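Asks: predicted coordinates and the sequence they were generated for:
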Amino acid sequence: MTQPTTIQRAHRQQPRLLDLFCCAGGAAVGYARAGFAVDGCDVADRPNYPFPRHQGDALAFLAHLIATGEVRRYAFVHASPPCQHGCALTVGTNASQGWGRTHVDLVAPTRELLDATGLPYVVEQPDGRAEIRKDLTLCGEMFGLGVIRHRNFELGGWSIERPAHVPHRGRVRGYRHGQYFDGPYVAAYGNGGGKPTVPELQAAMGIDWTDVREELTEAIPPAYTEHIGRAALATLAPALGVAA
């Protein structure tokens with residue numbers, strides 16, 4: 001097991017952020033580096049998650065927080081509902097080959113509850129057919145990472161400047177249809193077929209607090225949410241009662 005990542009927190013009042021469907025904390029670490037105090041929630045046991053967390057159904061937990069008024073202790077919510085229903089791999093290669101299974105789409109019920117909180121929020125999904133507004137799209141090349149890993153973000157109750165997409169420097173390393181291709185990026189999904197080792201994946205993603213492959217392949221690079229978190233704090237500073 002690797003040592004937990006070091007998170008530099010800003011010396012100021014920290015608004016609290018709720019991280020739903022938190023997995024092992026890729027998004028959470030980015031927000032913490034930006035200056036948020038983070039609490040997570042995931043239905044699975046996630047012992048590598050580096051912040052306080054609640055184990056249970058994320059939507060049931062959020063509904064409880066709304067009903068009891070406890071949601072008011074939070075200033076911001078991030079949600080990464082399960083993406084298999086609409087992700088590019090499910091609707092593309094897997095569908096064409098007859099692979100996979102039916103997946104539940106939790107984006108709409110997640111958005112409904114997030115709107116009920118009255119708080120600014122982010123909903124994250126991969127490229128594909130997930131029905132979210134693509135208010136922001138981020139790519140690993142924007143942050144000098146060793147993965148491409150496009151992710152789309154819907155922003156509720158606030159906005160952010162959309163950065164220009166940076167051209168990719170080459171291919172993702174690995175096998176495609178029986179042919180091996182080299183390139184500057186590793187494939188942050190699956191196993192076999194020229195996929196990276198766990199240490200390579202950790203380095204490419206900027207994640208050092210978990211060495212569980214499944215958690216690494218499901219994670220958002222923390223650089224993405226550090227970028228979002230800093231923008232949110234700057235945009236929402238007066239409402240959050242913190243210095244910009």
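Replies: Done, it's in. As the structure is a prediction and not an experimental result, all values here were calculated from the model.
Asks: C-alpha only now, for contacts and for neighbours.
Replies: Fine.
Asks: work out for me the element the nearest residue to Ser80 once chain neighbours are set aside sits within.
Replies: Spatial nearest neighbour of Ser80, chain neighbours left out: Glu124 (4.9 Å); criterion: C-alpha to C-alpha, 6 or more residues apart in numbering. If you go by DSSP states H and E, Glu124 is part of strand 121-126.
Asks: and that strand, which strands flank it?
Replies: strand 76-79 (parallel), strand 151-156 (antiparallel) (DSSP bridges).
Asks: what residue ranges in this protein are flagged as low confidence?
Replies: 1-12, 84-103, 241, 243-244 (pLDDT under 70).
Asks: all strands for it, in order.
Replies: 16-20, 37-42, 53-55, 76-79, 121-126, 136-138, 151-156, 174-176, 179-181 (DSSP state E).
Asks: columns distance to Val212 and mean neighbour count on top of these, output as CSV?
Replies: Below are those laid out as CSV (distance: least, C-alpha to C-alpha, whole Å; neighbours: other C-alpha atoms under 10 Å):
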stretch, distance to Val212, mean neighbour count
strand 16-20, 20, 24
strand 37-42, 16, 24
strand 53-55, 18, 17
strand 76-79, 21, 25
strand 121-126, 20, 24
strand 136-138, 24, 20
strand 151-156, 21, 20
strand 174-176, 20, 15
strand 179-181, 25, 11
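Asks: okay, these in TSV with distance to His168 next?
Replies: Converted to TSV, the strands of the chain look like this (distance: least, C-alpha to C-alpha, whole Å):
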stretch	distance to His168
strand 16-20	30
strand 37-42	32
strand 53-55	36
strand 76-79	27
strand 121-126	17
strand 136-138	12
strand 151-156	15
strand 174-176	16
strand 179-181	15
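Asks: center of this structure - which residue?
Replies: Nearest residue to the geometric centre of the chain (C-alpha atoms, centre = their mean): Ile220, 3.8 Å.
Asks: distance check, the closest residue to that residue other than its chain neighbours against Phe61.
Replies: Excluding the flanking residues, the one nearest Ile220 by C-alpha to C-alpha, 6+ apart is Gly26, at 5.0 Å. Applying C-alpha to C-alpha, to the nearest Å, the value for Gly26 to Phe61 is 20 Å.
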